[in-house]
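Novice: Okay, sequence plus prediction incoming.
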Amino acid sequence: MTESGEARVAAALARLGGLGEVPVREHVPVFEEVLGGLEATLASVDDASPIQGDGVS
C-alpha cells in the first residue's frame, strides 16, 4: 500500500489490511467503519481549507 500522508487515512487502510484475519461475514461492518472514517476525514479537510481569494473585490 502507498502512504497517504494523512494518519487517519493510513489507519483506515491498515484496518482494511487486516480483513484477511476476519471472517467474511464480519467484513461489511469493517467496510462501513472505514468508509465513515474516510468520509469524516474528507469533511474535516473541507472545513480546514482556506478560502480562495482575499475577499476584496
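Specialist: Received it, and whenever you're ready, just let me know what you need.
Novice: Measure how far whatever helix or strand Ala14 lives in is from the centre of its chain, please.
Specialist: Using DSSP states H and E, the element containing Ala14 is helix 7-17. Its chain's C-alpha centre and that of helix 7-17 lie 7 Å apart, by C-alpha atoms, centre = their mean, to the nearest Å.
Novice: buried set for that helix?
Specialist: Neighbour-count burial for helix 7-17, with 16 or more other C-beta atoms under 10 Å as criterion, is recorded at Val9, Ala12, Leu13. Heads up, the C-betas are built off the backbone N, CA and C, glycines and all.
Novice: Verify the contact between the first one and Leu38 for me.
Specialist: Yes: the criterion here is C-beta atoms under 8 Å, and Val9 meets it with Leu38 at 6.8 Å.
Novice: Pass me the low-pLDDT residue ranges in this protein, would you?
Specialist: Low-confidence segments of the chain, defined by pLDDT under 70, span residues 1-4, 46-57.
Novice: So which residues of it form helices?
Specialist: In the chain, helices defined by DSSP state H lie at 7-17, 27-48, listed in chain order.
Novice: Measure how the first one sits relative to helix 27-48, angle-wise.
Specialist: Going by axes from the mean of the first three to the mean of the last three C-alpha atoms, to 10 degrees, helix 7-17 is angled at 170 degrees with respect to helix 27-48.
Novice: ok, and the closest non-adjacent residue to the spatially most central residue of the chain?
Specialist: Averaging the C-alpha coordinates of the chain gives a centre point, and the residue nearest to it by C-alpha atoms, centre = their mean is Leu38 (2.3 Å). In space, not counting the residues next to it along the chain, Leu38 is nearest to Ala12; the distance is 5.4 Å by C-beta to C-beta, 6 or more residues apart in numbering.
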